[in-house]
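In: Pasting the sequence and the predicted model now:
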Amino acid sequence: MRGATFPEGRGEMETPMPNTISNKDRMKLPRQHMPERDAGVRARCFEEVNLGFDPALAKDEALRCLACAKPTCTKGCPVAVKVKDFVALIIEGDYLGAAAKIREDNVLPAITGRVCPQEDQCEGDCVIAKKVDSVAIGHLERFVADYERRTGQIGIPKNAPSTGKRVAIVGSGPAGLSAAGDLIQRGHEVRVFEALHELGGVLVYGIPEFRLPKDIVRQEVDVLRRMGVQFETNVVVGKTVTVDELLGEEGYDALFIATGAGLPQFLNVPGEHLNGVYSANEFLTRVNLMRAYRFPEVDQPVYDCAGKDVVVVGGGNTAMDAVRTSLRLGARNAYLVYRRGEEEMPARAEEVKHAKEEGVQFRMLTNPVEMIGDARGWVTGVRCVNMELGEPGDDGRRRPIAIRGSEHVIDASVVIVAAGTSANPMIQSSTPDLATTKKNYIQADPETLATSKKGVFAGGDIVTGGATVILAMGAGRKAARAIDAYLNSDC
Ligand SMILES: Cc1cc2nc3c(=O)[nH]c(=O)nc-3n(C[C@H](O)[C@H](O)[C@H](O)COP(=O)(O)OP(=O)(O)OC[C@H]3O[C@@H](n4cnc5c(N)ncnc54)[C@H](O)[C@@H]3O)c2cc1C
């Protein structure tokens with residue numbers, strides 16, 4: 001029996017053998033905490049914040065799972081990962097087996113283990129969460145995926161014999177990658193077309209290095225490549241080649257559109273055109289894809305934040321990523337301005353906690369009404385009003401109402417607007433017979449993700465609007481099943 005040091009005051013004690021622990025005693029085991037890089041250090045570098053479990057922590061956490069007969073955690077996962085089975089393999093010390101078990105349903109475990117909002121999904125549905133902290137399923141998933149990666153023993157699933165059918169996937173975000181993984185395993189030829197020069201969608205251009213190291217995304221993409229998926233970058237479908245050309249002279253039998261919702265929205269307040277005002281997507285794309293996180297080795301392709309005051313407007317994950325990135329680029333003051341209260345913020349709780357620890361200054365119930373500039377056209381500040389929350393609106397959320405006479409200015413040399421995004425438009429505008437919604441999202445059947453155009457399927461953010469990585473992956477899997485059925489029919 002192994003002796004282990006437990007954080008959170010458990011002290012030095014023996015870890016009991018799994019089959020000797022009653023469910024009652026399992027529920028007494030405290031949730032293990034993810035070790036983190038020191039807030040003062042990490043706020044000034046792009047190294048990953050979370051450091052991952054070691055085998056001892058992973059086992060201690062895995063022992064908290066009750067192995068329910070009807071696991072609600074799996075129901076809570078949009079791709080239905082067999083949580084209880086992979087957790088049992090961790091207890092046995094079979095980490096590669098655990099990783100392989102996850103890969104049966106999820107082709108990107110090292111990514112989802114890092115960025116999934118588990119608190120609203122598998123962990124939110126964990127049975128013990130009704131009484132104590134849920135099992136840290138995301139941390140366990142990350143642990144086995146990292147183990148597999150570190151040991152270089154990634155289990156490549158076997159593909160079915162070739163069907164001779166060809167599928168084109170447009171967009172290499174989580175929806176496209178997940179569909180590619182499932183379709184190649186079903187024996188179809190798969191080629192992914194990506195507009196950017198890097199593969200991964202938001203995983204590479206949006207989510208910063210300190211939350212999701214890009215090498216991890218590249219490695220997961222490489223697994224797909226080794227499975228036989230072909231990738232072509234710098235191809236803007238709708239411009240370089242059209243959907244009709246792919247289905248016509250290019251000879252594809254089916255097409256999956258997974259182009260995401262990356263078109264930035266603005267506040268539409270005066271002064272938004274000033275130099276130094278960015279959309280969060282542009283700011284993050286510049287830092288991530290042009291590798292500004294390796295400054296000074298690589299030039300900063302953004303206005304210098306060092307020693308400056310930076311205001312980020314918004315309350316979601318994107319705002320949190322932008323404001324924490326500005327700190328790491330040397331901002332003197334990094335303000336997060338949000339028109340509702342902290343409780344209403346859509347960002348993940350962990351990101352909010354990390355941002356606060358790193359020194360981000362939260363200005364809640366504050367709404368920008370104007371960007372102020374100097375004579376040369378550079379932004380110098382944001383005029384804001386204080387807000388209070390009124391009655392709930394149609395969406396059930398309490399409406400923010402401006403408080404008279406509360407106008408004030410926050411000095412800023414850089415302003416980043418993270419006010420949401422909308423559909424990437426290129427394919428819709430070049431494919432007239434593709435039905436879209438009023439907001440230009442692609443219409444798809446909720447069960448099959450089939451669009452109005454024969455042989456064309458669509459899923460992920462381009463159908464739902466901005467959502468989550470795992471929901472996009474779930475859509476990719478759903479589309480793969482429907483495309484497979486379509487290809488096996490007479491088409
Ligand atoms: C900054 C930020 C942080 C986020 N943080 C989280 C998080 O922590 N957890 C979480 O679960 N979710 C998070 N999200 C949301 C999540 O990343 C998205 O919901 C998810 O990536 C959507 O996947 P997708 O495959 O539908 O689209 P995307 O990831 O947007 O990928 C679409 C791809 O299609 C390409 N493309 C677009 N048009 C064309 C074209 N015409 N031709 C060829 N290629 C094209 C794009 O370049 C892109 O690579 C975050 C989003 C952002 C912006």
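Out: Sure thing, it's come through. Numbering: from 1, shown residues only.
In: for the ligand, what are the nearby residues on the stretch 1-150 of the chain?
Out: Residues of the stretch 1-150 of the chain lying close to the ligand by CB under 6 Å from any ligand atom are 115-117. In short, each C-beta sits where N, CA and C put it, glycine included.
In: If we use 5 Å, what do you get?
Out: By CB under 5 Å from any ligand atom, the part of the stretch 1-150 of the chain that sits against the ligand consists of Val115.
In: Look up the pLDDT of Asn159 for me, please.
Out: Asn159 carries a pLDDT value of 92.
In: same deal with Cys45?
Out: 89.
In: list the buried ones in the helix or strand where Gly113 lies?
Out: Here Gly113, judged by DSSP states H and E, is contained in helix 109-115. Under the neighbour-count criterion of 16 or more other CB atoms under 10 Å, helix 109-115 has 109-115 buried.
In: Lys131 - nearest residue in space that isn't next to it in sequence?
Out: Excluding the flanking residues, the one nearest Lys131 by CB to CB, 6 or more residues apart in numbering is Met27, at 6.5 Å.
In: Checking my notes, Cys164 in a helix, right?
Out: Careful, residue 164 is Gly; it's not Cys. No - counting by DSSP: H, G, I helix; E, B strand; the rest coil, Gly164 is not part of a helix but coil.
In: Helices of the stretch 251-400 of the chain, residue ranges please.
Out: 280-289, 317-328, 349-358 (DSSP state H, counting those that start in this stretch).
In: Nearest approach to the ligand belongs to which of the ones you listed?
Out: Proximity to the ligand (CB to the nearest ligand atom) singles out helix 317-328 among these, at 3.7 Å.
In: rewinding a little: tell me, how many residues neighbour the residue nearest to Lys131?
Out: By other CB atoms under 10 Å, 15 other residues sit near Met27.
In: Pull the contacting residues for the spatially closest residue to Thr464 that is not a sequence neighbour.
Out: In this structure, Thr464 finds its nearest non-sequential neighbour in Leu471, 6.8 Å apart by CB to CB, 6+ apart. Applying CB atoms under 8 Å, 6 or more residues apart in numbering, we find Leu471 in contact with 78, 460, 464.
In: and among the helices of the stretch 251-400 of the chain, the most buried is which?
Out: Scoring the helices of the stretch 251-400 of the chain by mean neighbour count under mean count of other CB atoms under 10 Å gives helix 317-328 as the most buried, with a mean of 26.
In: For the stretch 51-200 of the chain, which segments are assigned as helices?
Out: Under DSSP H, counting those that start in this stretch, the stretch 51-200 of the chain gives helices at 55-62, 72-75, 83-91, 95-103, 109-115, 137-150, 174-185.
In: Could you say which of those is packed most deeply?
Out: helix 174-185 (a mean of 28).
In: Output that helix as PDB - backbone C-alpha positions only.
Out: Only the C-alpha atoms of helix 174-185 are listed here, as PDB (Å, rounded to 0.1, in the frame of the first residue of the first chain):
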ATOM      1  CA  PRO A 174     -13.000  21.300 -32.900                       C
ATOM      2  CA  ALA A 175     -16.100  20.500 -35.000                       C
ATOM      3  CA  GLY A 176     -14.200  19.900 -38.100                       C
ATOM      4  CA  LEU A 177     -11.400  17.900 -36.400                       C
ATOM      5  CA  SER A 178     -13.900  15.700 -34.500                       C
ATOM      6  CA  ALA A 179     -15.900  14.900 -37.600                       C
ATOM      7  CA  ALA A 180     -12.600  14.200 -39.500                       C
ATOM      8  CA  GLY A 181     -11.600  11.700 -36.800                       C
ATOM      9  CA  ASP A 182     -14.800   9.800 -36.900                       C
ATOM     10  CA  LEU A 183     -15.200   9.800 -40.700                       C
ATOM     11  CA  ILE A 184     -11.700   8.500 -41.300                       C
ATOM     12  CA  GLN A 185     -12.300   5.600 -38.900                       C
END
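In: What is it packed up against?
Out: strand 166-170, strand 189-193, helix 214-227, strand 254-257, helix 469-488 (3 or more CB pairs under 8 Å, 6 or more residues apart in numbering; DSSP states H and E).
In: could I get the buried residues of helix 109-115 as CSV with distance to Glu249?
Out: Formatted as CSV, those follow (distance: CB to CB, whole Å):
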residue, distance to Glu249
Pro109, 38
Ala110, 38
Ile111, 35
Thr112, 37
Gly113, 42
Arg114, 41
Val115, 39
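In: Mean pLDDT and distance to the ligand added to the helices and strands packed on helix 174-185, as a markdown table?
Out: Listed next are the helices and strands packed on helix 174-185 as a markdown table, based on pLDDT from 0 to 100; distance: least, CB to the nearest ligand atom, whole Å:
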| stretch | mean pLDDT | distance to the ligand |
| --- | --- | --- |
| strand 166-170 | 98 | 5 |
| strand 189-193 | 98 | 5 |
| helix 214-227 | 93 | 11 |
| strand 254-257 | 98 | 8 |
| helix 469-488 | 95 | 3 |
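In: Buried deepest among the ones you listed, which one?
Out: strand 254-257 (a mean of 28).
In: List the neighbouring strands of it plus their orientation.
Out: strand 166-170 (parallel), strand 456-458 (parallel) (DSSP bridges).
In: Show me what counts as buried in the shortest one.
Out: Translated: strand 456-458. By neighbour count on 16+ other CB under 10 Å, the buried set for strand 456-458 is 456-458.
In: In contact with the closest residue to the ligand within the stretch 1-150 of the chain, which residues?
Out: Here the stretch 1-150 of the chain gets closest to the ligand at one residue, Val115, 3.8 Å apart by CB to the nearest ligand atom. Counting by CB under 8 Å, 6+ apart, Val115 touches 203, 207, 211-212, 469.
In: of all the residues in the stretch 251-400 of the chain, which ones are close to the ligand?
Out: For the stretch 251-400 of the chain, the residues in contact with the ligand (CB under 5 Å from any ligand atom) are 258-260, 317-318, 321.
In: what number of residues lie near Gly396?
Out: Neighbour count for Gly396, taken as other CB under 10 Å: 6.
In: ugh, wrong one, Cys116
Out: As a measure of burial, Cys116 has 28 neighbours, counting by other CB under 10 Å.
In: Would you map the strands across the stretch 301-450 of the chain?
Out: 309-313, 333-337, 361-363, 366-373, 379-392, 398-402, 408-411, 414-417, 421-422 (DSSP state E, counting those that start in this stretch).
In: Give me the sheet partners of the first one and which way each runs.
Out: Each strand pairing with strand 309-313, determined using DSSP bridges, is listed with its direction: strand 333-337 (parallel), strand 414-417 (parallel).
In: quick one, that strand and strand 379-392 angle?
Out: If you take axes from the mean of the first three to the mean of the last three CA atoms, to 10 degrees, strand 309-313 sits at 30 degrees to strand 379-392.
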